[in-house]
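# Predicted model, plus sequence, below.
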Amino acid sequence: MHVGMATVFQNPQKARSDYDVYQNELRLADLAEPLGFESIWGVEHHFTDYTMCPDVLQFLTYLAGRTERIQLGSMVVVLPWHDPLRVAEQVSMLDNLSGGRLILGLGRGAGRVEFDGFRLPMEESRQRFVEAAEMLLRGLEQGCCEYQGTFVGQPRVAIRPAPFKSFRGRTYAAAVSPESARIMADLGVGILIIPQKPWPEVAKELDAYRTIYREVNGTEAPPPVSAGWTFCDSNAGRAEEMARRWIGGYYQTVLDHYKFADDHLAKTRGYEYYGKMAEKIAQYGTDKVIDFFLGLQVWGTPEQCYAKVLDIHARTANSHFVGVFSYAGMPYDEAERSLRLFAREVMPVLQKVSAPPPAPVLPDPAARIGVGLLGS
């Protein structure tokens, strides 16, 4: 299994300066290659302290110059917020600078504060995403961009520097709503899993995606990439205490950023599936929803963390696991200690895991609570 790590640049309640957050996150990112991680990932968000990385490709370009071998993953570039031609140029430039180390992750976004900031109606996001992705992915294979759609109108122009190797097999998209399976299969991209809904539901949707992918593309779908909020400690009791504090704290920032307790997503075309979250919060309460999210993540002793990643692997047949080790204002020393322990005792055995087909799984007793939250 390929093992990576991600940095997310959170500063909840502005507890410290943004500059200090950046210095700490960059210190962690600098550890990725020396510790043996195979990829380093960044996210894209705007305008709030939820995560402060407005340009993930710029962040990865910086890391490309500080590293030699590690792959560079975007989790994700939110296409509706960009001119797709500029994305094509940035992607090709980064790939040329890094010697072909980019793993390209794409998404359509779900934060109203971000769509409002960019003066874009959320209702248009799915069609904007599809048009931008079609032009981008075709352009990266052909070396030039051309498209005529409702939102994207691009006369034929060359991408320079020219892409020098295919992005097929190293492009993924965040997919949450069931309707996304058809879209991602049609685009020919892999699935990026952000754990946020019951694993049996994820497995069912992956099966549907694989079936459609096979029909559309005449070949098997690539294995998914799965991310996970991770905390590793040698003491099981302390690991649980810290996970509840920091991973639970992270999920509270998700609820705040996306306003999931409100009903606006249920009334927004293309986001009806997300609207179920408000119903779950009203039915079960915020604490139970946070507990549910916590149960999907990877935390505990090294042995427990290994077992949890293996469980995800059995359910999804993922080829990559990407751990997020710093979030919710966690002190730097705590994040580094967890990261180093995971790298020393968990990662080496994970990297020996092969990728069999996903095994059948029993229904998850928490399934009645979960509903997808982020991505496409």
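Cool, got the structure. Numbering: from 1, shown residues only.

# who touches Glu141 in this structure?
163, 166-168 (C-beta atoms under 8 Å, 6 or more residues apart in numbering). C-betas here are computed from N, CA, C, even on glycine.

# So among these, which ones count as buried?
Neighbour counting over the contacts of Glu141 (16 or more other C-beta atoms under 10 Å) leaves 163, 167 as the buried ones.

# out of the contacts of Glu141, who's nearest Val130?
Of all those, Val130 sits closest to Phe167, with 17.0 Å by C-beta to C-beta.

# any idea how far the closest residue to Glu38 other than its chain neighbours is from Gly36?
Nearest residue to Glu38, sequence neighbours excluded (C-beta to C-beta, 6 or more residues apart in numbering): His2, at 5.0 Å. Using C-beta to C-beta, to the nearest Å, His2 is found at 12 Å from Gly36.

# more neighbours, the two?
Each of His2 and Gly36 had its neighbours counted (other C-beta atoms under 10 Å), and the higher figure belongs to His2 (19 against 14).

# Against Lys352, how distant is the more buried one?
12 Å.

# again with Lys14
42 Å.

# for the stretch 201-350 of the chain, which spans come out with low pLDDT?
Within the stretch 201-350 of the chain, no stretch has pLDDT under 70.

# OK, contacts around Met242?
231, 233, 299, 334, 338.

# how many neighbours does Arg66 have?
Residue neighbour count, defined by other C-beta under 10 Å, stands at 13 for Arg66.

# Roughly how far does it sit from Asn318?
From Arg66 to Asn318 the distance is 27 Å (C-beta to C-beta).

# same check, this time on Asp83
Distance, Asp83 to Asn318, using C-beta to C-beta: 32 Å.

# So which of the two has more stuff around it?
Remark: of Asp83 and Asn318, Asn318 carries more neighbours, 26 against 12, as counted by other C-beta under 10 Å.

# Who are the contact partners of that one?
1, 193, 223-226, 312, 355.

# Can you tell me the SS state at Trp229?
strand (DSSP: H, G, I helix; E, B strand; the rest coil).

# Look up how far Ala174 lies from it.
15 Å.

# quick one: which of Lys14 and Lys352 has more around it?
Neighbours were counted for Lys14 and for Lys352 using other C-beta under 10 Å; Lys14 has more, 10 against 7.

# Need the nearest residue in space to that one, chain neighbours excluded.
Asp49 (5.8 Å).
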